[in-house]
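Chemist: Quick check, what structure comes out for this input:
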Amino acid sequence: MSAAAAQPRTAVVSGGSRGLGKKLVERLLADGWRVATFSRKANGFIEEQRAAHPDTFFWQSTDVLEPGATREFTDAVDARFGRIGLLVNNAGVLHQGLLLTMPPAQVRESLTANLLAPVELTQACVRSMSRTGEGVVVNVSSINAVRGYRGVAAYAAAKAGMEGFSRSLARELGPMGIRVCTVTPGYFDSDMTAGVTDRNRERIQRRTPLGRLGTAEEVVDAVLFLASPAAAFITGQSLVIDGGISC
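Modeler: Below is the predicted model of the structure:
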């Protein structure tokens, strides 16, 4: 084992205060990672992790819509923990509505939060990874990038952009020992799907070969697999976790 590999591993999870990001933070800490995350505001979960893991957990208030914010966060992580070994681009926003009537500000926010900010965060993190020539980037996409759905055009555009970004970046970073993959969840219980009506939920379940929605834990399992040595020869790929709805 190399000296770099023997050091505690540092993971960055964007949007780690709730939902999928919260579960990722919990699992990574339990698996022995040092974890850095951000959100706009702290909440009870963040304060609990600060108290329980003072040496291995770091949080900073960060608004991804502010230029340069993700770089400032990454610099703080680098100063606190050193080299970053894993980045999970999880943070995102979903504005639902027809593009024809959606306010331009919401369109810009969707594209910035779901595409531009993750690209900027990735650029900063892979510079840290490049110092030792190893690391993993896992981008969280959406089934909306694979199939067209009404009312999410801007969000789908951003997520499709993330999938193309992942494939191209895998080509760039592979020679440096850095892997880049995407997880593409279907519908699973989360803050983003909390507004789905019972009728639509039943319709989605009927169209899904496995007959149910997914869970956040199942998405976390996929992320941790891609980040693990078991996936050491996997890069540039998208792992769809949708119960078969996109078959």
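
Chemist: Let me know the average pLDDT across the top helix by length along the chain.
Modeler: Using DSSP state H to define each element, the chain has its longest helix at helix 153-173. Averaging pLDDT along helix 153-173 gives 96.

Chemist: dump the residue contacts of the residue most central in space within the chain.
Modeler: Among the residues of the chain, the one closest to the centroid is Asn90, at 2.1 Å (Cα atoms, centre = their mean). Residues in contact with Asn90 (Cβ atoms under 8 Å, 6 or more residues apart in numbering) are 13-16, 20-21, 24, 140. From N, CA and C alone the C-beta is placed, and that goes for glycine too.

Chemist: next structured bit after the helix or strand bottoming out on mean pLDDT in the chain?
Modeler: When each helix and strand of the chain is scored by mean pLDDT, DSSP states H and E, helix 3-6 comes last, with a mean of 45. Downstream of helix 3-6, the next assigned helix or strand under DSSP states H and E is strand 10-14.

Chemist: Can you give the contact residues for the helix or strand that comes right after that next one?
Modeler: Using DSSP H and E, the helix or strand that follows strand 10-14 in sequence is helix 19-30. Here helix 19-30 makes contact (Cβ under 8 Å, 6+ apart) with 11, 13-16, 35, 37, 39, 45, 49, 53, 56-57, 86, 88, 90-91, 140, 190-192, 216-217, 219-220, 223-224.

Chemist: Give me the sheet partners of the longest strand along the chain and which way each runs.
Modeler: When the chain is scanned for its longest strand (criterion: DSSP state E), the result is strand 178-185. Strand pairing for strand 178-185, using DSSP bridges, gives strand 135-140 (parallel), strand 238-241 (parallel).

Chemist: what about Phe73, which SS state?
Modeler: helix (DSSP: H, G, I helix; E, B strand; the rest coil).
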